[in-house]
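Trainee: Sequence first, then the predicted structure, then my questions.
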Amino acid sequence: MTRWLEGRFIGACKNRQDYFWRVWDFILNTFNLIGSEANNSAFGETFEHGRKVEKSRKTLEHAMNSPIGQLVDAIFDIYNAWDLSPHEFQNEALWRLEIALKSKGEGSHHAMSMIMLRFNFMYKNYETWSKYNLIPIFNPKNKNSEVAWDSFFHIQHKPSNEAILILKPFFLDLFEKDLEWPKSERFKNHLASLLIQFCYWSYPRQTLFTNVEVRKILRKFDSDMLSHSLWILSDIVNKENSWLSFGRFFFKNIWPKENFCQTSKTSERLLDLAIETSEYFTDIVKNIEPYLRNIEPTSIFLYQLTNNEDKYLLTEKYPQEVLLLLDRVIGQRIESYDNSLAKILEKIVKEKPVLKNSIAWQRLHKLSISVF
(Lines give C-alpha, C1' and ligand atoms only; values in the text may rest on other atoms or scores of the structure.)
Protein backbone atom coordinates (compact mmCIF):
# COMPACT_ATOMS: atom_id res chain seq x y z
CA MET A 1 0.00 0.00 0.00
CA THR A 2 2.75 2.47 0.92
CA ARG A 3 4.58 1.63 -2.32
CA TRP A 4 1.45 2.58 -4.25
CA LEU A 5 1.12 5.83 -2.32
CA GLU A 6 4.76 6.64 -2.98
CA GLY A 7 4.35 5.99 -6.71
CA ARG A 8 1.69 7.10 -9.18
CA PHE A 9 -0.75 8.28 -6.55
CA ILE A 10 1.39 11.38 -5.93
CA GLY A 11 1.10 12.51 -9.56
CA ALA A 12 -2.60 11.70 -9.68
CA CYS A 13 -3.23 13.95 -6.69
CA LYS A 14 -1.35 17.02 -7.89
CA ASN A 15 -4.59 18.89 -8.48
CA ARG A 16 -6.41 17.35 -5.50
CA GLN A 17 -3.76 17.42 -2.83
CA ASP A 18 -6.29 17.05 -0.04
CA TYR A 19 -7.01 13.50 -1.26
CA PHE A 20 -3.35 12.59 -0.90
CA TRP A 21 -3.11 13.93 2.64
CA ARG A 22 -6.28 12.20 3.76
CA VAL A 23 -5.00 8.86 2.46
CA TRP A 24 -1.54 9.50 3.94
CA ASP A 25 -3.00 10.29 7.37
CA PHE A 26 -5.25 7.23 7.26
CA ILE A 27 -2.42 4.85 6.40
CA LEU A 28 -0.08 6.24 9.08
CA ASN A 29 -2.76 6.06 11.76
CA THR A 30 -3.75 2.55 10.70
CA PHE A 31 -0.23 1.16 10.96
CA ASN A 32 0.29 2.71 14.37
CA LEU A 33 -3.09 1.43 15.60
CA ILE A 34 -2.22 -2.11 14.54
CA GLY A 35 0.91 -1.94 16.67
CA SER A 36 4.69 -2.07 16.60
CA GLU A 37 4.99 -5.17 14.43
CA ALA A 38 3.10 -3.51 11.59
CA ASN A 39 5.86 -0.91 11.39
CA ASN A 40 8.69 -3.42 11.07
CA SER A 41 10.92 -3.29 8.03
CA ALA A 42 10.49 -5.89 5.31
CA PHE A 43 14.28 -5.99 5.10
CA GLY A 44 14.86 -9.45 6.50
CA GLU A 45 17.48 -11.05 8.65
CA THR A 46 20.88 -12.11 7.30
CA PHE A 47 22.05 -15.70 7.61
CA GLU A 48 25.49 -17.16 7.03
CA HIS A 49 26.02 -20.92 7.09
CA GLY A 50 22.55 -21.32 8.54
CA ARG A 51 23.20 -18.96 11.45
CA LYS A 52 21.57 -15.61 11.99
CA VAL A 53 23.98 -12.68 11.72
CA GLU A 54 23.26 -10.05 14.32
CA LYS A 55 23.08 -6.70 12.53
CA SER A 56 21.58 -3.38 13.47
CA ARG A 57 18.07 -2.69 12.23
CA LYS A 58 18.53 1.06 12.63
CA THR A 59 19.78 1.52 9.08
CA LEU A 60 18.69 3.39 5.99
CA GLU A 61 18.19 0.09 4.17
CA HIS A 62 15.67 -1.00 6.76
CA ALA A 63 13.88 2.35 6.60
CA MET A 64 13.56 2.25 2.82
CA ASN A 65 11.85 -1.12 3.08
CA SER A 66 9.40 -0.17 5.80
CA PRO A 67 5.87 1.29 5.70
CA ILE A 68 6.67 4.37 7.80
CA GLY A 69 9.87 5.00 5.89
CA GLN A 70 7.99 4.89 2.59
CA LEU A 71 5.30 7.22 3.93
CA VAL A 72 7.93 9.77 4.92
CA ASP A 73 9.67 9.30 1.58
CA ALA A 74 6.39 10.12 -0.16
CA ILE A 75 6.19 13.43 1.70
CA PHE A 76 9.54 14.50 0.28
CA ASP A 77 8.62 13.22 -3.19
CA ILE A 78 5.69 15.61 -3.43
CA TYR A 79 7.94 18.66 -3.02
CA ASN A 80 9.23 18.34 -6.57
CA ALA A 81 6.27 16.45 -8.03
CA TRP A 82 3.87 19.22 -7.05
CA ASP A 83 6.31 22.12 -7.53
CA LEU A 84 5.78 23.28 -3.97
CA SER A 85 7.49 26.25 -2.36
CA PRO A 86 9.24 25.74 1.02
CA HIS A 87 6.36 27.61 2.66
CA GLU A 88 3.69 25.40 1.05
CA PHE A 89 5.64 22.30 2.04
CA GLN A 90 6.01 23.55 5.60
CA ASN A 91 2.29 24.00 6.12
CA GLU A 92 1.39 20.41 5.25
CA ALA A 93 4.56 18.42 5.90
CA LEU A 94 6.41 19.48 9.04
CA TRP A 95 3.74 18.61 11.56
CA ARG A 96 3.16 15.28 9.83
CA LEU A 97 6.88 14.50 10.00
CA GLU A 98 6.73 15.17 13.73
CA ILE A 99 3.88 12.67 14.07
CA ALA A 100 5.78 10.10 12.01
CA LEU A 101 8.75 10.49 14.36
CA LYS A 102 6.48 9.31 17.17
CA SER A 103 5.47 6.11 15.38
CA LYS A 104 5.44 2.87 17.33
CA GLY A 105 8.31 0.38 17.37
CA GLU A 106 10.77 0.58 14.51
CA GLY A 107 8.56 3.15 12.81
CA SER A 108 10.17 6.07 14.65
CA HIS A 109 13.65 4.91 13.54
CA HIS A 110 12.54 4.59 9.95
CA ALA A 111 10.93 8.03 9.93
CA MET A 112 14.12 9.52 11.35
CA SER A 113 16.26 7.75 8.74
CA MET A 114 14.30 9.13 5.81
CA ILE A 115 14.21 12.66 7.25
CA MET A 116 17.95 12.66 7.97
CA LEU A 117 18.61 11.57 4.40
CA ARG A 118 17.22 15.03 3.47
CA PHE A 119 19.20 16.80 6.17
CA ASN A 120 20.59 19.42 3.79
CA PHE A 121 17.13 20.28 2.47
CA MET A 122 15.64 20.49 5.95
CA TYR A 123 18.45 22.55 7.44
CA LYS A 124 18.52 24.99 4.52
CA ASN A 125 14.76 25.62 4.46
CA TYR A 126 13.73 24.96 8.08
CA GLU A 127 16.79 25.75 10.17
CA THR A 128 14.95 26.44 13.42
CA TRP A 129 12.87 23.27 13.11
CA SER A 130 15.97 21.25 12.31
CA LYS A 131 17.95 22.61 15.26
CA TYR A 132 15.13 21.58 17.57
CA ASN A 133 14.04 18.28 16.02
CA LEU A 134 17.10 16.89 14.24
CA ILE A 135 20.41 18.23 15.58
CA PRO A 136 20.04 16.87 19.16
CA ILE A 137 19.56 13.34 17.83
CA PHE A 138 23.17 13.29 16.58
CA ASN A 139 24.36 13.42 20.18
CA PRO A 140 25.78 9.94 20.96
CA LYS A 141 23.88 10.06 24.24
CA ASN A 142 20.60 10.11 22.31
CA LYS A 143 19.07 6.65 21.86
CA ASN A 144 18.48 7.35 18.16
CA SER A 145 21.95 8.72 17.43
CA GLU A 146 22.85 5.61 15.44
CA VAL A 147 19.87 6.21 13.15
CA ALA A 148 20.82 9.83 12.54
CA TRP A 149 24.45 9.14 11.69
CA ASP A 150 23.68 6.13 9.52
CA SER A 151 21.50 8.25 7.24
CA PHE A 152 23.84 11.24 7.39
CA PHE A 153 26.58 9.03 5.90
CA HIS A 154 24.42 8.64 2.77
CA ILE A 155 23.87 12.35 2.10
CA GLN A 156 25.10 13.01 -1.42
CA HIS A 157 26.02 16.70 -1.19
CA LYS A 158 28.11 18.67 1.25
CA PRO A 159 26.19 20.11 4.22
CA SER A 160 26.67 23.78 4.99
CA ASN A 161 29.72 24.76 7.03
CA GLU A 162 27.43 26.03 9.76
CA ALA A 163 25.68 22.66 10.02
CA ILE A 164 28.98 20.74 10.07
CA LEU A 165 30.35 22.94 12.85
CA ILE A 166 27.17 22.38 14.91
CA LEU A 167 27.50 18.61 14.45
CA LYS A 168 31.27 18.59 15.03
CA PRO A 169 31.20 18.08 18.84
CA PHE A 170 28.87 15.10 18.41
CA PHE A 171 31.09 13.64 15.70
CA LEU A 172 34.16 13.97 17.92
CA ASP A 173 32.27 12.31 20.77
CA LEU A 174 31.77 9.20 18.63
CA PHE A 175 35.48 8.50 19.12
CA GLU A 176 35.52 9.30 22.82
CA LYS A 177 32.43 7.51 24.14
CA ASP A 178 32.51 3.78 24.84
CA LEU A 179 29.61 2.87 22.57
CA GLU A 180 28.90 -0.48 20.95
CA TRP A 181 27.10 0.53 17.76
CA PRO A 182 29.97 2.56 16.23
CA LYS A 183 32.16 -0.56 16.44
CA SER A 184 30.53 -2.46 13.59
CA GLU A 185 32.74 -2.73 10.49
CA ARG A 186 30.12 -1.03 8.35
CA PHE A 187 29.79 1.92 10.71
CA LYS A 188 33.55 2.26 11.18
CA ASN A 189 34.06 2.50 7.44
CA HIS A 190 31.40 5.21 7.26
CA LEU A 191 33.14 7.14 10.04
CA ALA A 192 36.47 6.90 8.22
CA SER A 193 34.86 8.11 4.99
CA LEU A 194 33.21 11.07 6.68
CA LEU A 195 36.41 12.11 8.44
CA ILE A 196 38.33 12.30 5.17
CA GLN A 197 35.47 14.22 3.56
CA PHE A 198 35.47 16.69 6.46
CA CYS A 199 39.23 16.97 6.06
CA TYR A 200 38.92 17.71 2.33
CA TRP A 201 36.17 20.28 2.90
CA SER A 202 38.39 21.96 5.53
CA TYR A 203 41.35 22.32 3.15
CA PRO A 204 43.31 24.56 3.01
CA ARG A 205 42.16 26.95 5.73
CA GLN A 206 41.16 24.33 8.31
CA THR A 207 37.76 25.99 8.52
CA LEU A 208 35.92 22.94 9.85
CA PHE A 209 38.50 20.54 11.26
CA THR A 210 42.11 21.38 11.99
CA ASN A 211 44.96 19.17 10.78
CA VAL A 212 45.69 18.25 14.39
CA GLU A 213 42.09 17.22 15.05
CA VAL A 214 42.00 14.94 11.99
CA ARG A 215 45.37 13.40 12.81
CA LYS A 216 44.29 12.79 16.41
CA ILE A 217 41.23 10.86 15.22
CA LEU A 218 43.23 8.89 12.65
CA ARG A 219 45.48 7.68 15.46
CA LYS A 220 42.42 6.08 17.07
CA PHE A 221 41.59 4.07 13.92
CA ASP A 222 42.36 0.39 13.55
CA SER A 223 44.13 -0.93 10.46
CA ASP A 224 40.91 -1.44 8.51
CA MET A 225 39.70 2.10 9.18
CA LEU A 226 43.07 3.57 8.22
CA SER A 227 43.00 1.54 5.02
CA HIS A 228 39.48 2.72 4.22
CA SER A 229 40.51 6.32 4.90
CA LEU A 230 43.22 6.04 2.27
CA TRP A 231 40.77 4.47 -0.17
CA ILE A 232 38.47 7.50 0.23
CA LEU A 233 41.44 9.85 -0.09
CA SER A 234 42.48 8.16 -3.33
CA ASP A 235 38.93 8.47 -4.65
CA ILE A 236 38.85 12.20 -3.88
CA VAL A 237 42.30 12.78 -5.38
CA ASN A 238 41.30 11.09 -8.63
CA LYS A 239 37.80 12.54 -8.95
CA GLU A 240 38.87 16.07 -8.07
CA ASN A 241 42.33 15.89 -9.66
CA SER A 242 43.65 17.23 -6.37
CA TRP A 243 46.93 15.41 -5.77
CA LEU A 244 49.08 18.52 -6.23
CA SER A 245 46.90 20.41 -3.76
CA PHE A 246 45.04 18.33 -1.21
CA GLY A 247 46.69 14.92 -1.71
CA ARG A 248 50.28 16.04 -1.25
CA PHE A 249 49.27 18.34 1.61
CA PHE A 250 47.52 15.47 3.37
CA PHE A 251 50.62 13.32 3.59
CA LYS A 252 52.90 16.18 4.55
CA ASN A 253 50.68 17.67 7.23
CA ILE A 254 47.92 15.29 8.34
CA TRP A 255 48.62 11.57 7.96
CA PRO A 256 50.02 10.26 11.30
CA LYS A 257 53.74 9.46 11.34
CA GLU A 258 53.60 6.80 14.06
CA ASN A 259 54.72 3.34 13.03
CA PHE A 260 51.56 1.65 14.36
CA CYS A 261 49.53 3.55 11.76
CA GLN A 262 51.53 2.07 8.89
CA THR A 263 50.45 -1.49 8.09
CA SER A 264 50.37 -3.90 5.20
CA LYS A 265 46.78 -2.83 4.51
CA THR A 266 47.59 0.87 4.42
CA SER A 267 50.59 0.11 2.21
CA GLU A 268 48.32 -1.65 -0.28
CA ARG A 269 46.15 1.48 -0.44
CA LEU A 270 49.17 3.71 -0.92
CA LEU A 271 50.38 1.54 -3.78
CA ASP A 272 46.92 1.74 -5.35
CA LEU A 273 47.03 5.52 -5.05
CA ALA A 274 50.39 5.63 -6.83
CA ILE A 275 49.49 3.38 -9.75
CA GLU A 276 45.98 4.77 -10.21
CA THR A 277 47.22 8.37 -10.25
CA SER A 278 50.02 7.71 -12.69
CA GLU A 279 50.33 11.28 -14.03
CA TYR A 280 51.84 12.23 -10.66
CA PHE A 281 53.57 8.92 -10.06
CA THR A 282 57.05 10.18 -9.13
CA ASP A 283 55.72 12.83 -6.75
CA ILE A 284 53.33 10.38 -5.09
CA VAL A 285 56.10 7.81 -4.61
CA LYS A 286 58.26 10.49 -3.00
CA ASN A 287 55.53 11.44 -0.55
CA ILE A 288 54.22 7.97 0.37
CA GLU A 289 57.58 6.19 0.57
CA PRO A 290 58.12 6.91 4.32
CA TYR A 291 54.78 5.26 5.12
CA LEU A 292 55.25 2.03 3.19
CA ARG A 293 55.67 -1.28 4.99
CA ASN A 294 55.91 -4.88 3.83
CA ILE A 295 52.77 -6.11 2.11
CA GLU A 296 51.40 -9.61 2.50
CA PRO A 297 53.04 -12.34 0.37
CA THR A 298 49.62 -12.97 -1.19
CA SER A 299 49.28 -9.35 -2.39
CA ILE A 300 48.27 -8.86 -6.02
CA PHE A 301 50.41 -5.73 -6.43
CA LEU A 302 52.99 -7.46 -8.64
CA TYR A 303 50.22 -8.98 -10.71
CA GLN A 304 48.69 -5.52 -11.17
CA LEU A 305 51.96 -4.13 -12.47
CA THR A 306 52.32 -6.82 -15.12
CA ASN A 307 48.77 -7.73 -16.09
CA ASN A 308 47.58 -4.23 -17.01
CA GLU A 309 49.25 -2.55 -19.99
CA ASP A 310 48.90 0.97 -18.56
CA LYS A 311 50.37 -0.13 -15.23
CA TYR A 312 53.14 -2.07 -16.98
CA LEU A 313 54.15 1.15 -18.73
CA LEU A 314 54.93 2.65 -15.32
CA THR A 315 57.98 0.39 -15.13
CA GLU A 316 59.05 1.59 -18.55
CA LYS A 317 58.64 5.28 -17.66
CA TYR A 318 59.76 5.19 -14.05
CA PRO A 319 62.05 2.17 -13.51
CA GLN A 320 63.86 3.68 -10.51
CA GLU A 321 60.66 4.63 -8.69
CA VAL A 322 59.10 1.21 -9.34
CA LEU A 323 62.22 -0.46 -7.95
CA LEU A 324 62.01 1.76 -4.86
CA LEU A 325 58.39 0.71 -4.29
CA LEU A 326 59.21 -2.97 -4.72
CA ASP A 327 62.12 -2.78 -2.30
CA ARG A 328 59.99 -1.02 0.32
CA VAL A 329 56.99 -3.34 0.25
CA ILE A 330 58.38 -6.79 -0.59
CA GLY A 331 59.84 -8.58 2.39
CA GLN A 332 61.80 -11.79 2.55
CA ARG A 333 59.15 -14.02 1.03
CA ILE A 334 56.68 -13.92 -1.84
CA GLU A 335 54.24 -16.36 -3.31
CA SER A 336 54.39 -17.54 -6.92
CA TYR A 337 53.10 -14.76 -9.15
CA ASP A 338 53.67 -16.47 -12.51
CA ASN A 339 57.16 -14.90 -12.43
CA SER A 340 55.66 -11.38 -12.15
CA LEU A 341 58.53 -10.09 -10.02
CA ALA A 342 61.12 -11.49 -12.42
CA LYS A 343 59.35 -9.84 -15.37
CA ILE A 344 59.30 -6.46 -13.63
CA LEU A 345 62.97 -6.68 -12.66
CA GLU A 346 63.89 -7.60 -16.21
CA LYS A 347 61.93 -4.61 -17.49
CA ILE A 348 63.64 -2.30 -14.99
CA VAL A 349 67.11 -3.37 -16.18
CA LYS A 350 66.09 -3.04 -19.80
CA GLU A 351 65.04 0.57 -19.26
CA LYS A 352 67.88 1.51 -16.89
CA PRO A 353 70.71 -1.07 -16.90
CA VAL A 354 72.67 0.60 -14.11
CA LEU A 355 69.97 -0.39 -11.60
CA LYS A 356 71.09 -4.02 -11.93
CA ASN A 357 74.00 -3.16 -9.65
CA SER A 358 71.84 -1.74 -6.89
CA ILE A 359 71.40 -3.59 -3.60
CA ALA A 360 67.62 -3.41 -4.00
CA TRP A 361 67.63 -5.03 -7.44
CA GLN A 362 70.05 -7.77 -6.36
CA ARG A 363 67.96 -8.64 -3.29
CA LEU A 364 64.72 -8.79 -5.21
CA HIS A 365 66.31 -10.80 -8.03
CA LYS A 366 67.48 -13.47 -5.57
CA LEU A 367 63.98 -13.54 -4.12
CA SER A 368 62.35 -13.88 -7.54
CA ILE A 369 64.45 -16.88 -8.57
CA SER A 370 64.02 -18.57 -5.20
CA VAL A 371 60.28 -18.89 -5.86
CA PHE A 372 60.77 -21.48 -8.59
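Mentor: Thanks, I have the structure now. Numbering: from 1, shown residues only.

Trainee: Now the residue most central in space within the chain: closest residue in space, sequence neighbours ignored.
Mentor: Nearest to the geometric centre of the chain sits S193, at 3.6 Å (Cα atoms, centre = their mean). In space, and not counting its chain neighbours, S193 is closest to I232: 4.9 Å by Cβ to Cβ, 6 or more residues apart in numbering. Using the backbone N, CA and C atoms, a C-beta is placed for each residue, glycine as well.

Trainee: sorry, back to before: next up, the contacts around the residue nearest to the centre of the chain.
Mentor: By Cβ atoms under 8 Å, 6 or more residues apart in numbering, the residues touching S193 are 153, 228-229, 232.

Trainee: That one sits in which helix or strand?
Mentor: Per DSSP states H and E, S193 falls inside helix 185-202.

Trainee: That helix: which residues count as buried?
Mentor: 187-200, 202 (16 or more other Cβ atoms under 10 Å).

Trainee: What of stretch 233-252?
Mentor: 233-234, 236-237, 242-243, 246-251.

Trainee: what comes into contact with it?
Mentor: Residues outside stretch 233-252 that contact it (Cβ under 8 Å, 6+ apart) are 196-197, 199-200, 203-204, 269, 272-273, 276-277, 280, 283-284, 287-288, 291.

Trainee: what's the neighbour count on the nearest residue to A93 once chain neighbours are set aside?
Mentor: Nearest residue to A93, sequence neighbours excluded (Cβ to Cβ, 6+ apart): I75, at 5.2 Å. For I75, the count of nearby residues is 24 (other Cβ atoms under 10 Å).

Trainee: in what helix or strand does I75 lie?
Mentor: Judged by DSSP H and E, I75 forms part of helix 67-81.

Trainee: dump the residue contacts of K177.
Mentor: Residues in contact with K177 (Cβ under 8 Å, 6+ apart) are 140-141.

Trainee: With N133 instead?
Mentor: Under the criterion of Cβ under 8 Å, 6+ apart, the contact list for N133 reads 98, 101.

Trainee: Give me the distance between it and N357.
Mentor: 70 Å (Cβ to Cβ, to the nearest Å).

Trainee: Q262 too?
Mentor: Distance from Q262 to N357, by Cβ to Cβ: 29 Å.

Trainee: Comparing those two, which residue is more hemmed in?
Mentor: Neighbours were counted for Q262 and for N357 using other Cβ under 10 Å; Q262 has more, 19 against 9.

Trainee: Looking at the backbone only, give me phi and psi for that one.
Mentor: When quoted as degrees, to the nearest 10, the phi and psi of Q262 stand at phi -110, psi 110.
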